[in-house]
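>>> Pasting the sequence and the predicted coordinates here, then a few questions.
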Amino acid sequence: MITNDVLIVNDSKLESIILKDLLKKLGMNGIISNEYTILTDLKKIDPAMVVVNYIMEDITGEQLIEEIKIRYPEIVCILASSSDLLKSQFKGFSIDDIVKIPIDQNKLKGIIEKYIINKKNICFHCKKEIQEDFYICPYCGEKLKERA
Ligand SMILES: [Zn+2]
């Protein structure tokens, strides 16, 4: 099922509102969450994407994305940061992409097109593109289960 919900996790209210407006312009429904309630919110909301700020009070965006991906590997997780970060700085496969704050509208549009609109069937484990009807990933052998 395709949803246009995007959860925003940022301890700056202003940045959250700016992102929500930007998402709205791009046809997405931004829902403001925070580092403390995001895991509870995910039990009720099934977003296409989560945009998580890198530096927050009690947790980094990287750690939080890790927590989200353990539970919901199919949710696209974007790390947002005001400093220049590279995906290669982070271990593992948890972070799908990185955006710089202030977020450029075209960059965000590109991410939405890539991960949501033109979403290919991607193995949650090895990130390789696979055919829709596979139950087991032919590349890494992991089970491709649907979200419960
Ligand atoms: Zn795989």
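Received, thanks.

>>> Show me which residues of the protein sit near the ion.
Counting by CB under 5 Å from the ion, the chain comes close to the ion at 123, 125-126, 137, 139-140. From N, CA and C alone the C-beta is placed, and that goes for glycine too.

>>> Got the domain ranges for this structure?
5-117, 123-148 (automatic domain parsing).

>>> got a list of what the residue nearest the centre of the chain touches?
Centroid-nearest residue in the chain, with CA atoms, centre = their mean: residue 77, separated by 1.9 Å. Going by CB atoms under 8 Å, 6 or more residues apart in numbering, residue 77 touches 49-50, 52, 65, 68-69, 94-96.

>>> So residue 116 is in contact with residue 47, correct?
No. In this structure, residue 116 is not within contact of residue 47 by CB atoms under 8 Å, at 10.0 Å.

>>> Of these two, give the one with the bigger neighbour count.
Ranked by neighbour count (other CB atoms under 10 Å), residue 116 and residue 47 place residue 47 first, with 24 against 19.
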